[in-house]
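Peer 1: Generate a structure from the sequence data that follows.
(chains A and B)
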Protein chains: 2
Amino acid sequence: MNANNNTYVIGVDFGTLSGRAVVVRVGDGAEVGTAVHEYAHRVIEDRLPGSEVRLGPDWALQSPQDWLDVLRTAVPEAVAAAGIDPAQVVGLGTDFTACTVLPTTRDGTPLAFQTPERPHAWPKLWKHHAAQAHADRINELAARRGESWLPRYGGKISSEWEFAKGLQVLEEDPETYGRAERWIEAADWIIWQLTGVETRNVCTAGYKGIFQDGGYPSEDFLAALNPGFSGFVSKLGQELSPLGGLAGRLTAQAAEWTKLPEGIAIAVGNVDAHVTSAAADAVRPGQMVAIMGTSTCHVMPSDQLAEVPGMCGVVRDGIVPGLWGYEAGQSGVGDIFAWFVDNAVPASYARLAAERGQSVHDYLTELAAGQRVGQHGLVALDWHNGNRSVLVDHDLSGVVVGQTLATRPEDVYRALIEATAFGARVIVETFEASGVPVAEFVVAGGLLKNHFLMQVYADVLRRPLSIIDSEQGPALGSAIHAAVAAGAYDDIQQAAAVMGARQENAYVPDADRADAYDRLYAEYRTLHDYFGDGRMLHTLRAIRNEAREGSAGVSS
Amino acid sequence: MNANNNTYVIGVDFGTLSGRAVVVRVGDGAEVGTAVHEYAHRVIEDRLPGSEVRLGPDWALQSPQDWLDVLRTAVPEAVAAAGIDPAQVVGLGTDFTACTVLPTTRDGTPLAFQTPERPHAWPKLWKHHAAQAHADRINELAARRGESWLPRYGGKISSEWEFAKGLQVLEEDPETYGRAERWIEAADWIIWQLTGVETRNVCTAGYKGIFQDGGYPSEDFLAALNPGFSGFVSKLGQELSPLGGLAGRLTAQAAEWTKLPEGIAIAVGNVDAHVTSAAADAVRPGQMVAIMGTSTCHVMPSDQLAEVPGMCGVVRDGIVPGLWGYEAGQSGVGDIFAWFVDNAVPASYARLAAERGQSVHDYLTELAAGQRVGQHGLVALDWHNGNRSVLVDHDLSGVVVGQTLATRPEDVYRALIEATAFGARVIVETFEASGVPVAEFVVAGGLLKNHFLMQVYADVLRRPLSIIDSEQGPALGSAIHAAVAAGAYDDIQQAAAVMGARQENAYVPDADRADAYDRLYAEYRTLHDYFGDGRMLHTLRAIRNEAREGSAGVSS
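Peer 2: Modelled structure (predicted):
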């Protein structure tokens, strides 16, 4: 391994608003340089770039040009920041948001470059939610036909995924659908640009492309959705590439973009959450990694196959080859806290926080941390952005119970933090009740910096928390995959053990607090069951939607 | 009646923070002069005046000196403002908060003047809530013994009332209890000061003193509570005086205070809410007057006697002689909106309101008023200060259901307004279901100025709202009682018809909005039933109270 001390790999993390490149030493995982490129087009939500064409509600697009610009700018800047010779770089790996998917020609040219005036020609970002009606039809038909793949997704596929978004293109812009010779995850498209070779990675094919037991949904099933959709699978990849595998080698053109040596190893594409497991060295069965940010994604390898209610998906080899990879999620976490701070914290708090040189989040956290468990008298449901796991219902909404005239903002803030911890506990308990043990809970992501929140999770989960060492988990994870693809390690586990790291027992539960939380959690479960059937929350949403459409009169 | 155009009466309204005098023309009810005196001691909550003696939680006292000062200052100032000759004043009437009650000697001297260092010597303001444990025992024992008076109070007497507060004095300061030869409502004490005659009015005796069917709770019952309490009734009045009756005539000393002619008629004492019915000319069976402010009090005469679940009380002659007087209440209304504005509205809203020269309430109301019914997707329970009618449970708390990341402050504000309207509808429906018809809904009080809120009530109640004409309802009502006591009118109804006034059909329901509210109200009733049993809300409160007492560890 001595040579690894002089060789480097690069991990590139393509996020929602920017791409980050990190240069990592192969021999020990040291991060020696980094650079970020903000996407010029950010998220395209209102109208197409340079155009008056308006987008519908819930649309969210991206520009492929922004992704290429990350290769051109962030990669050479990271190498420069590291102060290494580009010749020392032996491989590059990437991770992407998913399902972010685009239509291209047979040679990989994005249709957005050919017909930029057509909304459906553009890449649909993961959070494009305008295909809900299509997802509903897919779920309904699959349930009716008893499709064997449906339970692998907790009983429902998401509007965010490849088939729902593809069906939307077909039905709203058949011409673009027809011209789309390929329907490809951005995770794979970027690899195509780097290597000149089209590959399809196991991870997005499994979690987002409904690839199960060696194949996609049947032509028969697709034809029943819409006769024009029967050949959809021909636009997808038929052969899948394993994670950590060698997708190809850097082309001359991509070498020109990145200023890296032509011919270095390029790893198979991957997803931001899933590569984080490697960065945390948490790629053994039962190691659940929770990437906690605006939302939380839970990924966990396991040697057990089970149908876990409400999981996002279980995919063979989906995190590391040889194991089942589970994914679950909480659709609102950090964004609930952000919403609260923006919409429900009075001026006096903003002023006091500013006087103390603190963010409002930090100030509220400090006040909340001074309370005893249950002192606020509240319990909340963390469904402000719906509930992915375990109820798989985006039409649920938030609930706060127990407010009095003495309730202060920090009380509600704390109750919301606790609610997300209770939500995490429901997920862990559901896995274990389904026969999939959770041996360790490992935290990554932006919420790590809130120590109070972490302690709440440890107390509520009644288990120690491990935390990832790196602040750039996805990019480091991609670099680890690059090291495997370059042949520096035999497999992801081996590379992760050397290059990834986590701190075990970083937060340890306090028995008294854990007991006190058990009582609040019992109330949370009661609320969860009461509101989880959606009777009231769906009714309120239906009334809301009708009112917005104007079927009721304006008040007073 | 010609003489009445040259004669005047004075109504004095003793509130929580100030007393107001209004000079009213007997012939037509015209309000010709007014003055306010702010109490120097305001509400005594932390420590006794001029003393280091600290009060316990939930204590609230007042100073009798402040009330006398109203007679000395506000009354002559009102006469001066009216520009009339004091000799034209033929009578004076008063109303008071209730149950505000004090211990005195046999001659009416407040014990607070004799032993000001003893907290229990002071008058206990209506919102003194430190006798809850005593009220609980009274209720428990009465229920067990099947006391016939209990259903007259909706099944529970309040910690605010005479017996609970008296029992607290006995058990916490037996010496003061022993020295208290009288236990008297401030409503009656002020009449004693004006006339030199001790009287007890039907209204407070009935609603606050458990006087039913000709008597108080039995000696036997009181002895079972505490042997030392058996003689409590001897401290109360045995003969009751009818509302609108002549309590006595202004003494020389009180004439000196008020600068009014000695010997003018002084009306029997009364309560702020109950006199308002006369001011609104709403003293016929089925005219429900809702005095809407920080909380709402509903008063209604009826010719039907029924046991209405959760009412505050039904008292023979309790509003006007010859009819049953019903009282119900919502324990939190305006104070919920105030709490929301103080604790849950962000700086940006405060800034925009200020730029527009509006209060935050007005700004939120304007935004909320622009919405369609149900557009916010929310439903709330208005129990932030507990629920008086119809659940009679001060340990309930508020609930907000349906929040999303798109929920804005005006959405919640509107949902809270609607929740209080739904709460009012529950009360009206409960009366009618119990066989007590509600013919007209008449609004008085500070919330009248919010036209949007009034329209919500009309739409939710599905009935037109009448509104009181006067902005000084209680003081005008007291003046009307003074006119009756002075013999200018035969009875309260006759006087109210001439001197009081309301505007009928001031707000008329819109059929479409009313239909839309019916759907939200159905959800409110579902929540009301689900949380109304107190299982979850009492558990949360118990956990909260234990945490405050320190039985659980401090978090992180």
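Peer 1: Now do stretch A:320-338: distance to the chain's middle.
Peer 2: Mean C-alpha position of stretch A:320-338 versus that of the full chain (Cα atoms, centre = their mean, to the nearest Å) differs by 6 Å.
Peer 1: In that stretch, which residues are buried?
Peer 2: Buried positions in stretch A:320-338, judged by neighbour count with 16 or more other Cβ atoms under 10 Å in any protein chain shown: A:320-321, A:323-334, A:336-337. C-beta here means a position set from N, CA and C on the backbone, and glycine is covered the same way.
Peer 1: In the residues you listed, find the pair that's most separated.
Peer 2: A:Pro321 and A:Phe337 (36.8 Å; Cβ to Cβ).
Peer 1: Tell me where the stretch 51-200 of chain A has strands.
Peer 2: Here the stretch 51-200 of chain A has its strands, by DSSP state E, counting those that start in this stretch, at A:89-96, A:101-104, A:182-185.
Peer 1: Tell me how far the residue of the stretch 151-300 of chain A found nearest chain B lies from B:Leu405.
Peer 2: Of all residues in the stretch 151-300 of chain A, A:Thr294 sits closest to chain B, at 9.8 Å by Cβ to the nearest Cβ. In this view, A:Thr294 and B:Leu405 are 10 Å apart by Cβ to Cβ, to the nearest Å.
Peer 1: Same check on A:Ala40?
Peer 2: As judged by Cβ to Cβ, A:Ala40 and B:Leu405 stand 26 Å apart.
Peer 1: what about the two, which has more around it?
Peer 2: The residue with more neighbours, out of A:Ala40 and B:Leu405, is B:Leu405; 19 against 10, by other Cβ atoms under 10 Å in any protein chain shown.
Peer 1: would you say A:Ala247 is within a strand?
Peer 2: Yes: under DSSP: H, G, I helix; E, B strand; the rest coil, A:Ala247 sits within a strand.
Peer 1: what about A:Thr115, how many residues close to it?
Peer 2: Based on other Cβ under 10 Å, the number of other residues close to A:Thr115 is 16.
Peer 1: Next up, phi/psi of A:Ser434, please.
Peer 2: Here is the backbone geometry of A:Ser434 (degrees, to the nearest 10): phi -90, psi 0.
Peer 1: Quick check: A:Ser18 touching A:His37?
Peer 2: Yes: between A:Ser18 and A:His37 there is a contact at 6.1 Å, judged by Cβ atoms under 8 Å.
Peer 1: overlap in contacts of those two?
Peer 2: Taking Cβ atoms under 8 Å, 6 or more residues apart in numbering or on different chains as the criterion, A:Ser18 and A:His37 both touch A:Val70.
Peer 1: of those two, who's got more company?
Peer 2: Taking neighbours as other Cβ under 10 Å, A:Ser18 and A:His37 compare with A:His37 leading, 22 against 15.
Peer 1: Please spell out which residues along stretch A:261-276 are buried.
Peer 2: Under 16+ other Cβ under 10 Å, the buried positions of stretch A:261-276 are A:264-276.
Peer 1: what does the strand or helix carrying A:Tyr349 rub up against?
Peer 2: Using DSSP states H and E, the element containing A:Tyr349 is helix A:347-355. For helix A:347-355, the surrounding residues in contact (Cβ under 8 Å, 6+ apart) are A:359-360, A:362-364, A:409, B:346-347, B:350-351.
Peer 1: Next secondary structure after that helix?
Peer 2: helix A:360-369.
Peer 1: Can you mark which positions in that next one are buried?
Peer 2: Buried-residue list, helix A:360-369, by 16+ other Cβ under 10 Å: A:360-361, A:363-365, A:367-369.
Peer 1: before we move on, back to that, which ones among the buried residues of stretch A:261-276 map onto helices?
Peer 2: In this view, the buried residues of stretch A:261-276 that belong to helices under DSSP state H are A:272-276.
Peer 1: Return the member of those nearest to B:Gly477.
Peer 2: Taking these together and measuring to B:Gly477 by Cβ to Cβ, the closest member is A:Ala273, at 68.1 Å.
Peer 1: which ones are touching that closest one?
Peer 2: With contact taken as Cβ under 8 Å, 6+ apart, A:Ala273 is in contact with A:289, A:291, A:297, A:299, A:327, A:474.
Peer 1: Not counting sequence-adjacent ones, nearest residue to it?
Peer 2: In space, and not counting its chain neighbours, A:Ala273 is closest to A:Cys297: 4.1 Å by Cβ to Cβ, 6 or more residues apart in numbering or on different chains.
Peer 1: got it, and A:Gln304?
Peer 2: In space, and not counting its chain neighbours, A:Gln304 is closest to A:Val436: 5.1 Å by Cβ to Cβ, 6+ apart.
Peer 1: From the chain's centre, how far out is stretch A:181-189? Work that out for me.
Peer 2: Centre-to-centre, stretch A:181-189 and its host chain are 18 Å apart (Cα atoms, centre = their mean).
Peer 1: And it, end to end?
Peer 2: Using Cα to Cα, to the nearest Å, the end-to-end distance of stretch A:181-189 comes to 13 Å.
Peer 1: name the helices or strands packed onto the helix or strand where A:Val24 lies?
Peer 2: In the assignment (DSSP H and E), A:Val24 maps to strand A:18-25. Applying 3 or more Cβ pairs under 8 Å, 6 or more residues apart in numbering or on different chains; DSSP states H and E, we find strand A:18-25 packed against strand A:8-14, strand A:31-38, helix A:64-82, helix A:473-485.
Peer 1: Turn these into JSON lines, including distance to chain B.
Peer 2: Listed next are the helices and strands packed on strand A:18-25 as JSON lines, based on distance: least, Cβ to the nearest Cβ, whole Å:
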{"stretch": "strand A:8-14", "distance to chain B": "24"}
{"stretch": "strand A:31-38", "distance to chain B": "23"}
{"stretch": "helix A:64-82", "distance to chain B": "25"}
{"stretch": "helix A:473-485", "distance to chain B": "24"}
